[in-house]
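*Asks:* Test case, fold it:
(chains A and B)
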Amino acid sequence: MHDLRQFKPALYLLLLLGVSGYCIAAETPGVWVGGCFFILLHAWLSFRGRFKPMTRALTNFVTLTLLAYVLYDAMVAVTTPVLVVGEFLVFLQLIKLWELRSNRDYAQLLVLGLLLTVAAAISTASLGFGIVWIIYLLLSLYCCLLFHLKTESDAAIEALGDSQPKFDPATLEQDRRMLARSVWRLSAAGSLVGLALGVLVFLIFPRGNGSGFLGNFQMPVNQTLVGFSDKVSFQNIARLQQSSDTVAWVSLTHNGQPVEQAQTLLLRGSTLDTYHGNSTPDKGSRYQWARTDLDEGLPRIWPPIAGDEHSFAARPHELRWLDMAPRRPATRPSLLQPQPPPPTLPADTWEQHFTLKPTGTPVLFSMAGPLTIKAFNRQVRIRYLRSSQIIQTFDPIREPVEYEVIATNQVAGPNLRPPTLAQQTNRISLIDPQIIAMAKRPQVSGSNQRGSLASQRDPLHAASAGAATAGAAAGAGTAGAATIAPDELDEQIATNIEQYLKTNYAYTLDLTDTRLVEGRDPLVAFLYDFKKGHCEYFAGAMTLMCQSLGLQARMVVGFHCDADSLVGGYYLVRQSNAHAWVEVLTTNGWKTFDPTSAIGAPPRKLSLWENVRNLINYLDFAYAKSVIAYDGEHQTNLRQRGSDWVTNAVIRIAAFIDAIRRAHFGRGDPRLAEEAGLADRFWTIAIRSFVALMALCLTIAVGGYLWSRYQLRRRAARIGIASLPLDEQLRLARQLGFYDDLLRLLARHQIDFAREQTPREFSRSLLYLPASAYSTVLRLTELFYRVRYGKSELTPGRHRHLASALARLAEELGPAPSTG
Amino acid sequence: MSSTQPNDSPLAFEPRKPGARIDFSMGGLVYCAMMLFMGLAAINTQANLLFGVFGLMIGVLLLAWYVGRRVLRHLEVRRVIPPHAIVGTGITFEYVFTNTKKFWPSLSVGLLEIDGVGGFEKRPRCYMLHAAAGMTARVQSQVQPARRGLYRLDHFELTTSFPFGFVRRRRRQRLEDSLLIFPPIAQVDRKLLAMCRSADDTGESLRPSPGGSDEFYGIRRYRAGDNPRRIYWRRSARTGVLLTKEMTRVAPPRLLIVVDTQLEHRTRQDHALLERAIAIAASLSSAALEDGLAVGVCVWNGKPVVLAPSRGKQQREDILSLLAQLPLNLDYQRQALMEDSRPALRPNTTTVLVTGSDVKLDFLEEARGSVMLLSAANRDVDRWFAFPATIDFAKCGPADQLPQD
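*Replies:* Here you go, the predicted structure:
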């Protein structure tokens, strides 16, 4: 009865989009492949007429089986319940698709699809999903309109019973040609309204109120980061695959000014100062770097130091000082007791605004010398370790964290852990003798006139009154015990080792061509056998060599971002930016050394694809920041900006009016006389120019109007409707322009319209024209009659169509003969 | 989302009072509940995409409200119906929907007749899928007339739940038309028609009379208004007076149907017999007219009415219209009606008395053989009239003449 053939293709496309959106959100390519395959297969069978719906019994069996599978998957796999529900919804959609019988099944398919995308929307902040979702919503609107027409039409047939409606062919033709256009038109209007309302609610709906009042249904996410890890181990030698996944976006300002020129950015994550070589009885913990005071499961060299850790809960938008010494709470607050003045920031600071993706580790990154931290999107429980100046959360990061750190970019923390002589002796004893031997070589650690620097440096250099400049162990629990202190030669030795490693070793991520002898320390193998490795080998080797000579050194793991990482004012921190370097305590404080060699490193040049990927990453970040992370503060800022804009506009308008007023009425005031004179001339010219321009525009408009009327009346005279009332004449002249063009075209070919003939007679007299041209003339003449006498109206689109038909006719008739 | 329940069908509803023009469907209520749930979920999770979806759902609801309103506005409906119908014979109503809007299409509109629907088995209704902006759609609807009489179609209701089925909008419009439904007409046995020519065999009927166009009858002076083709030019030229030929008139058999509509008891059975009698009269007159007889009717229509026997389509329509609109006759008796019919009787006229009662002719009339009796109560009559099997004569009467039992 009705032509609704657009519905099914639109539905298939909708299903494909829904499944794709979900799979983008859940990162399940297998489900995507399977889902798309079954949908396309169904479409193929359906269009071939070979589709037979599944029986109810089979449907129920498959549904129960898949339910069991999903429940099992939910129990064994670590994922969110929403994604589990989404996976089940995908399966349900496929089942429903394969048992399609009635409109009810179509309705269920549409509802399931919407629920599926909502489940996906809750679970992802991906820009790709956002784009797919918007397309999905628009298409679903179109599908819903068509589906409604289908159900209404079917229900009408059912209600009419035997008296089935009949349609005249013109109506059916109209449906065929224009139904899709009408529905698209409504869909577009609906989408505009829906999107406008969506954006409006998104922007102005109050945030924060009522958050979590229904409880939090999210289970903890167990996501781990592939590239960065706060643990370093050399147990496995293999090829490392660099991942370009984005870890964080960092916005950097220096003393309040945005950093416009890209500079190298070292983001410290964690420090590692103890290496467990093959001396550890537990084989599982061999060849690992660790933090001596924090790492569980590894033997401790010394106990944690009291006062090293500062823990607090950073509430959203609350600025907290990191290095705030713990105070004893007053027994009773006293108003008379003077409060300590709030700490002030140094003059030279770097503000880093991080948007950190879930890393699965508790590490929060920052430049060296962090002073304050401010969390944005949620409350974070922070612990700050003064000795190593690293910031961590208590729990691994499972959700994106947005925070801001102000830092000095100087590693100047107090040395709260100067080792005692016994501890230093113990540490050196753990180091492989071959590493110590390597470190003592003059070409490695350097030499001067008195011999090698290693021989001049006492590994057990005791602290003295003036030696421990970099950080006395004030109040650190080691008072009274002799501790190791930095020597003046330390910086030189560290520099020499750094240079040696840089120049004599090569960088590689692929160690598959090397062979490690059982029981041989990988770092020894690196120094003596492989002579190549990645940054952790370089940093680990240098740290160990420095420690073996009595220097206090630690390996730092974090990210190294260069100029290529700066995109759109943000540093794009990727997994491939993960890096390890060394910090050595010198008499001038902690110094940073990067021993990783550039020899053998692939040239760093961004390909076109990487640039595109950077752009996509930036858009992804902008989407996540502006849409996903839109909160009450953004809302307030937006409102404030709008308010400011209005205020400024009002001020500008007021100033403008005031200038006019002063120009025209301020002549009596001698203070304004001169200014008024200038302004007067300016405004006089401006107003006159404006009036002249307006007059010109008005003249052009009136002239154009009159000219068009004149043209229409001439046209009316040419096509023989001049005797009609003027309004009708003009209306028809507008409508029948095509016929006038036809007559003029024929006149150019010396075929004149005889006044005694009717248009139909005239058209039928043109039998000598080519057949197609004759047919076109006949059709145009019939259309002329329909418009002239049948009250048909031609749409602009029809006019365009007629113009093209006339153009084709002109081509068929060929060039007009010359009149000469 | 649209529901597929039959009750939500665009046509499966009864007209509401004029004031009730908008109502929420179950789907609409479910949608509103889902929208509120989405709002709560957005507030609870503070997920920005859910806020966007919440706004989108509000937008869709507003759109449904607005588009439903636009669909019915500026939609002109014209009803094209035949001038008359016959009970038991389906006819087609054509509804012409003209969408005079410049941008918005009109989609999924149901139409339901409100006034004058008593004469049909089902309320006339139709469903229009689509009328593009500025275009016209024509939808035909089959209706089955069930009761004779004149029915005035006036108000009708347009309804739509487009675009999403959340809200059903109604709009009542007025368009006055009338439809006359004739009584059922059966196929008549040729033997009966032959019997109706019984008076044709008398000598008087064979005497030619002037005024027709059959054969030459004579010459007379030309009078203004005469057909110029009949001017007898040769004789006129000879005499100098304009003369015209007169032709004989065919004198067809005349049939006068006297329809006795008196109801003694208003039982269902009596009503059925009466309607059957009226249908017999209609069938007989229709068939006789088609067979070339001049047919007249004598019937009580509030007062005795005699349509003199004549021929032609107009006569057929006049007779059927008269029969279609016969009022309830409780008093006027058969004998009086027979007396009323006598002025229309001529020697070549066969009188047929059609009645719903089981009556007998008196001896004199039977002896003369000038009156035929067709009694609906007599089952022998059935063999001459083949009515459609679907017709229930007890329900064929006008809506205001229902049985009282």
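
*Asks:* near chain A at all, the top helix by length along chain B?
*Replies:* As assigned by DSSP state H, the longest helix anywhere in chain B is helix B:48-72. Yes. Using CB under 8 Å from any CB of the partner chain, we find that helix B:48-72 touches chain A at B:48-56, B:58-60, B:62-63, B:66-67. Every residue, glycine included, has its C-beta placed from N, CA and C.

*Asks:* Quick one, which of those residues are buried?
*Replies:* Among the residues of helix B:48-72 next to chain A, those buried by neighbour count (16 or more other CB atoms under 10 Å in any protein chain shown) are B:48-56, B:58-60, B:63, B:67.

*Asks:* Would you reformat those residues as JSON lines and include pLDDT?
*Replies:* Converted to JSON lines, those look like this (pLDDT from 0 to 100):
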{"residue": "B:N48", "pLDDT": "76"}
{"residue": "B:L49", "pLDDT": "75"}
{"residue": "B:L50", "pLDDT": "78"}
{"residue": "B:F51", "pLDDT": "82"}
{"residue": "B:G52", "pLDDT": "81"}
{"residue": "B:V53", "pLDDT": "80"}
{"residue": "B:F54", "pLDDT": "84"}
{"residue": "B:G55", "pLDDT": "85"}
{"residue": "B:L56", "pLDDT": "84"}
{"residue": "B:I58", "pLDDT": "87"}
{"residue": "B:G59", "pLDDT": "86"}
{"residue": "B:V60", "pLDDT": "85"}
{"residue": "B:L63", "pLDDT": "84"}
{"residue": "B:V67", "pLDDT": "84"}
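
*Asks:* from the residues of helix B:48-72 next to chain A, which single one is nearest A:Q93?
*Replies:* Nearest to A:Q93 among the residues of helix B:48-72 next to chain A is B:V53, at 18.9 Å by CB to CB.

*Asks:* Just give the closest residue to that closest one, not the sequence neighbours.
*Replies:* B:M38 (5.7 Å; CB to CB, 6 or more residues apart in numbering or on different chains).

*Asks:* Are we agreed that the one you found is in a helix?
*Replies:* Yes. Per DSSP: H, G, I helix; E, B strand; the rest coil, B:M38 lies within a helix segment.

*Asks:* list the contacts for it?
*Replies:* B:M38 sits next to A:118, B:50, B:53-54, B:57 when contact means CB atoms under 8 Å, 6 or more residues apart in numbering or on different chains.

*Asks:* redo that, cut-off 7 Å
*Replies:* Shown in contact with B:M38 (CB atoms under 7 Å, 6 or more residues apart in numbering or on different chains): B:50, B:53-54, B:57.

*Asks:* possible to save those residues as JSON lines with distance to B:R254?
*Replies:* Shown next, in JSON lines, are the contacts of B:M38 (distance: CB to CB, whole Å):
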{"residue": "B:L50", "distance to B:R254": "87"}
{"residue": "B:V53", "distance to B:R254": "83"}
{"residue": "B:F54", "distance to B:R254": "83"}
{"residue": "B:M57", "distance to B:R254": "78"}
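
*Asks:* any idea how far A:I131 is from the residue most central in space within chain A?
*Replies:* Nearest to the mean C-alpha position of chain A, counting by CA atoms, centre = their mean, stands A:D620 at 1.1 Å. Using CB to CB, to the nearest Å, one obtains 10 Å as the distance from A:D620 to A:I131.

*Asks:* now A:S311
*Replies:* Relative to A:I131, A:S311 is positioned 42 Å away (CB to CB).

*Asks:* Where do the helices of the stretch 251-400 of chain A begin and end?
*Replies:* Read by DSSP state H, counting those that start in this stretch, the stretch 251-400 of chain A holds no helices at all.

*Asks:* which residues of it fall in strands?
*Replies:* A:257-258, A:265-272, A:274-276, A:288-290, A:309-314, A:319-321, A:350-356, A:363-364, A:370-375, A:380-385, A:390-393 (DSSP state E, counting those that start in this stretch).

*Asks:* Repeat that for the stretch 301-405 of chain B.
*Replies:* B:304-310, B:349-355, B:371-375, B:385-386.

*Asks:* Dump those into TSV; add mean neighbour count as well.
*Replies:* What follows is those, written out as TSV (neighbours: other CB atoms under 10 Å in any protein chain shown):
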stretch	mean neighbour count
strand B:304-310	18
strand B:349-355	24
strand B:371-375	20
strand B:385-386	16
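
*Asks:* thinking again about what came up before, of A:S311 and A:I131, give the one with the bigger neighbour count.
*Replies:* A count of neighbours by other CB atoms under 10 Å in any protein chain shown puts A:I131 above the other of A:S311 and A:I131, at 14 against 11.

*Asks:* orientation of the helix or strand hosting that one relative to helix B:48-72 in degrees?
*Replies:* For A:I131, the host element (DSSP states H and E) is helix A:127-160. Interaxial angle, helix A:127-160 versus helix B:48-72 (axes from the mean of the first three to the mean of the last three CA atoms, to 10 degrees): 30 degrees.

*Asks:* For chain A, state which of the contacts of B:M38 is nearest.
*Replies:* B:F54 (5.7 Å; CB to the nearest CB).

*Asks:* pretty sure the closest one contacts B:F37?
*Replies:* No. Judged on CB atoms under 7 Å, B:F54 makes no contact with B:F37 at a distance of 9.6 Å.

*Asks:* wait, what's in contact with the residue of the stretch 301-405 of chain B found nearest chain A?
*Replies:* Nearest to chain A in the stretch 301-405 of chain B, going by CB to the nearest CB, is B:T390, at a distance of 11.5 Å. Neighbouring residues of B:T390 by CB under 7 Å, 6+ apart: B:G88.

*Asks:* gap between it and B:I91?
*Replies:* Counting by CB to CB, the gap from B:T390 to B:I91 is 15 Å.

*Asks:* try A:A159
*Replies:* The gap separating A:A159 from B:I91 is 19 Å, by CB to CB.

*Asks:* same deal with A:W590?
*Replies:* 101 Å.

*Asks:* ok, those two, which is more surrounded?
*Replies:* A:W590 (25 against 18).

*Asks:* Can you point out the buried residues in the helix or strand harbouring that one?
*Replies:* In the assignment (DSSP H and E), A:W590 maps to strand A:589-593. In terms of neighbour count (16+ other CB under 10 Å), strand A:589-593 has its buried residues at A:589-591, A:593.

*Asks:* Next: stretch A:315-325.
*Replies:* A:316, A:320-322.

*Asks:* and what of stretch A:179-191?
*Replies:* A:179-180, A:182-183, A:185-187, A:189-191.

*Asks:* Kindly check the end-to-end length of stretch B:234-246 for me.
*Replies:* One end of stretch B:234-246 to the other measures 15 Å (CA to CA, to the nearest Å).
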